[in-house]
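Q: Predicted model and sequence below, questions to follow.
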Amino acid sequence: MTTTPHPHAEILLVLYTDFSLLDRYAADDVVLHRADRVVGDPPVVGKEAVLRHEAALLELTGGTLRMDVQHIAANDHFGAVLGVLRSTRPQPVAMPFCGLWRFEDGLIVEHWENAYHPAELLRLLIGEQLA
């Protein structure tokens, strides 16, 4: 039996290859919940702010950040992406992640970043004094 991937799964696969394409697939008021969030932290709101957040993360890694996707599951409302976040700068990182996405009318309206160990990821990316 062959199954056709849900269109939202196809969108997520494209995004994990090139996150700059979020502009095509996200609502203008998209909300992002950071991996290093704590209770009370405000989310990142708006497509431009989300793109700046992701660009800053890419810059922290000297452009070496990549997300190796292992599984994608999606339906009309949600998508889940499992994989391994990898970077070689400022120091080597290989950490499991689970990205959760909510869709409305075919557009991404909310995203939750989830790293396996958010505090460790932050320490590896910006140093022990700030984590």
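A: Yep, it's here. From a predicted model like this one, the values you see are computed outputs, not experimental measurements.

Q: In this protein, where's the longest helix?
A: When the chain is parsed with DSSP state H, its longest helix is helix 47-60.

Q: ranges for the helices of this protein?
A: Listed in chain order, the helices of the chain (DSSP H) span residues 7-15, 22-25, 47-60, 118-126.

Q: Mean neighbour count, those: which tops it?
A: Among the helices of the chain, ranked by average contacts under mean count of other C-beta atoms under 10 Å, first place goes to helix 7-15 (a mean of 19). Yep, even glycine has a C-beta here, placed from its N, CA and C like the rest.

Q: what helices or strands is that helix leaning on?
A: The helices and strands touching helix 7-15, judged by 3 or more C-beta pairs under 8 Å, 6 or more residues apart in numbering; DSSP states H and E, are helix 22-25, strand 66-74, strand 78-87, strand 93-104.

Q: Looking at these, which is nearest to Ala119?
A: Ala119 lies closest to strand 93-104 among these, at 11.2 Å (C-beta to C-beta).
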